[in-house]
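K.L.:
Below are the sequence and a predicted model for it; my questions follow.
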Amino acid sequence: MNIDWSLLFAALGLALVFEGIPYFLFAERMPLILVKLAEQPPKFLRFTGLAAIILGLLIISFGRSLMS
């Protein structure tokens with residue numbers, strides 16, 4: 001298995017950009033949002049995490065199908 005390191009670093013950088021956007025745009029509201037997230041039950045957080053994983057995989061799959 002040959003790893004394309006440049007693609008891996010590009011994906012990591014893009015993930016950090018998307019993670020940083022809400023903190024940059026909504027800096028005043030983020031503490032309240034994070035407190036509300038911390039108050040959610042673990043089942044909700046797991047479901048949200050799973051939904052994000054599935055959505056991410058679907059986007060990757062869609063993007064790869066466009067490239068081939």
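P.N.:
Cool, the structure landed.

K.L.:
and Asp4, what does it touch?
P.N.:
By CB atoms under 8 Å, 6 or more residues apart in numbering, no residues touch Asp4. In this view, the C-beta of every residue, glycine as well, is placed from N, C-alpha and C.

K.L.:
how near is it to Leu55?
P.N.:
23 Å (CB to CB, to the nearest Å).

K.L.:
Let's see the pLDDT reported for Met1.
P.N.:
pLDDT, Met1: 71.

K.L.:
I should have written Asp4 there, sorry.
P.N.:
pLDDT, Asp4: 83.

K.L.:
And it, how far from Ala11?
P.N.:
Distance of Asp4 to Ala11, given as CB to CB: 10 Å.

K.L.:
same deal with Ile3?
P.N.:
12 Å.

K.L.:
between the two, who's got more neighbours?
P.N.:
Ala11 (12 against 7; other CB atoms under 10 Å).

K.L.:
residues making contact with the host helix or strand of the more buried one?
P.N.:
Assigned by DSSP states H and E, Ala11 belongs to helix 5-25. Residues from elsewhere that reach helix 5-25 (CB under 8 Å, 6+ apart): Met30, Ile33.

K.L.:
C-alpha coordinates for it, PDB please?
P.N.:
C-alpha atoms of helix 5-25 as PDB (Å, rounded to 0.1, in the frame of the first residue of the first chain):
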ATOM      1  CA  TRP A   5       1.500  11.900   1.700                       C
ATOM      2  CA  SER A   6       0.700  15.100  -0.100                       C
ATOM      3  CA  LEU A   7      -2.900  14.100  -0.300                       C
ATOM      4  CA  LEU A   8      -3.000  13.100   3.300                       C
ATOM      5  CA  PHE A   9      -1.500  16.400   4.400                       C
ATOM      6  CA  ALA A  10      -3.900  18.300   2.100                       C
ATOM      7  CA  ALA A  11      -6.900  16.500   3.700                       C
ATOM      8  CA  LEU A  12      -5.600  17.200   7.200                       C
ATOM      9  CA  GLY A  13      -5.100  20.900   6.300                       C
ATOM     10  CA  LEU A  14      -8.600  21.100   4.800                       C
ATOM     11  CA  ALA A  15     -10.100  19.500   7.900                       C
ATOM     12  CA  LEU A  16      -8.400  22.100  10.100                       C
ATOM     13  CA  VAL A  17      -9.700  24.900   7.900                       C
ATOM     14  CA  PHE A  18     -13.200  23.600   8.200                       C
ATOM     15  CA  GLU A  19     -12.900  23.100  11.900                       C
ATOM     16  CA  GLY A  20     -11.600  26.700  12.300                       C
ATOM     17  CA  ILE A  21     -14.300  28.400  10.400                       C
ATOM     18  CA  PRO A  22     -17.000  28.400  13.100                       C
ATOM     19  CA  TYR A  23     -14.500  29.700  15.700                       C
ATOM     20  CA  PHE A  24     -13.500  32.500  13.400                       C
ATOM     21  CA  LEU A  25     -17.000  33.500  12.300                       C
END
